[in-house]
Each structure stands twice: as C-alpha cells, then as structure tokens.
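Peer 1: Have a look; sequence and predicted model below, questions after that.
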Amino acid sequence: MRRALLLIPLAIFLVVAVFLYRGLFLNPTEQPSALIDKPFPAFSLPSVDGQSTLTEAVFKGKPSLVNVWATWCPTCREEHAMLNKLAEQGVTIHGINYKDDTAAAQRWLAQYGNPYGLDVSDVEGSLGLDLGVYGAPETFLVDRNGIIRHKYVGEINERVWREQLAPLWTQLSEEGGQ
C-alpha cells in the first residue's frame, strides 16, 4: 500500500512532463480556428475614418487579407511597413482596429501610412470576439465569397509572407480573380 502511494506523485509528474514536452513542438502562430471555411461573421460597425458603417459584405468580391491591429500593439507597428509594401504591390488588405481609440488609430494611419482599403473600428472588441481573436496582430485570408480560408497569428514579415501567406494568396487570387 505504501509503495502504491509513492508511485502516485511519480505518475502525476510523468503525465505533466509529457504535456509540457509536447508543448515544446507546437507553433504559436498556428492557432486553430473554427471559422476556417466558414463565412466572415456578420457585423455592422463604423469605419475608422468615421465616414461609413461597414458590414461583412465589404469582404466579398475579391480575395483579401483582413488584418486585426491596434495602436497599443508593438508587433503591429513592426509589421505595418510590410503591410504598406503589400498594399503597394496590389494585395487587398482590410483592417480591423481592435479595442482601440479611434482618434489614436486615425493619427497612426496618418503617421505610418494606410495599407487598408477599408478599416473597421471595433472599439468594443465584438467583431474580434466573433473571430476568435486572441490579440493583435492576427490576419485572416478571405476568399472572394467572404469565406475565411486561413488564419495567421503574429507579425507578417518578408519570410512569413513568402513562405506561408503568398502561396495561399496566389491560390485565392487565381481561383477568384483579384
């Protein structure tokens, strides 16, 4: 009996060790999303510039990157130059300004450039919640029918674009025209 009691802590340790060991090989940029192959969630929110109310219909017609960003996010600042570059190359990018001050977002875009064709102001984070956003930045690839095809968590840089997102973008563009 005493020997069995001594084995319980060892068994618990081994179970925890297996879970921790498995975690060493997980990629934090690959967050599973229940929305893959599903329509972009319905919403009705103002644009960051305050000129219009936007709905999920804006994501239909041609493929796009939908980038969740915020002025309080240091990684968003790091990736912003890359987004500007992609927009200059003809990649359609829409933004979701997540849990942020609209005036701060307007100043940010004036200072650093605006790669977004449309930019949704999600001050309360309701759209982010519907998208399963963990934080910023996160980027969704959306096809011409408004269907989410891929989710990427983290900074988009040259390597990420070239190795992961550009092939998917090219495929969506060829399927639906750009």
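Peer 2: It's in.

Peer 1: tell me the helices in this protein, going along the chain?
Peer 2: 2-23, 74-88, 102-112, 126-131, 158-160, 166-176 (DSSP state H).

Peer 1: need those helices in JSON lines with mean neighbour count, can you?
Peer 2: For glycine as for every other residue, the C-beta is placed from the backbone atoms N, C-alpha and C. Formatted as JSON lines, the helices of the chain follow (neighbours: other C-beta atoms under 10 Å):
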{"stretch": "helix 2-23", "mean neighbour count": "9"}
{"stretch": "helix 74-88", "mean neighbour count": "17"}
{"stretch": "helix 102-112", "mean neighbour count": "15"}
{"stretch": "helix 126-131", "mean neighbour count": "18"}
{"stretch": "helix 158-160", "mean neighbour count": "12"}
{"stretch": "helix 166-176", "mean neighbour count": "15"}
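
Peer 1: could I get these as JSON lines with distance to Gly50?
Peer 2: Shown next, in JSON lines, are the helices of the chain (distance: least, C-beta to C-beta, whole Å):
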{"stretch": "helix 2-23", "distance to Gly50": "43"}
{"stretch": "helix 74-88", "distance to Gly50": "21"}
{"stretch": "helix 102-112", "distance to Gly50": "7"}
{"stretch": "helix 126-131", "distance to Gly50": "17"}
{"stretch": "helix 158-160", "distance to Gly50": "32"}
{"stretch": "helix 166-176", "distance to Gly50": "30"}
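
Peer 1: Would you mind telling me which of those helices is nearest Asn145?
Peer 2: When these are compared by C-beta to C-beta, helix 166-176 sits nearest Asn145, at 7.4 Å.

Peer 1: Go through the helices of the chain and name the closest to His150.
Peer 2: It's helix 166-176; of those, that one is closest to His150 (C-beta to C-beta) at 5.4 Å.

Peer 1: what about Leu118, neighbour count?
Peer 2: 18 (other C-beta atoms under 10 Å).

Peer 1: All further residue positions should be reported with the first residue as 9.
Peer 2: Got it, the first residue is 9 from now on, which makes the last one we talked about Leu126.

Peer 1: per-residue confidence for it?
Peer 2: Per-residue pLDDT puts Leu126 at 95.

Peer 1: Can you tell me what sits against stretch 114-131?
Peer 2: Outside stretch 114-131, the residues within contact range by C-beta atoms under 8 Å, 6 or more residues apart in numbering are 51, 53-58, 62, 66, 72, 75, 79, 85, 88-89, 91-92, 94-95, 100-110, 113, 135-136.

Peer 1: switch to 6 Å and redo it
Peer 2: With C-beta atoms under 6 Å, 6 or more residues apart in numbering as the test, stretch 114-131 has contacts from 53-56, 62, 66, 79, 88, 91-92, 95, 100-106, 110, 136.
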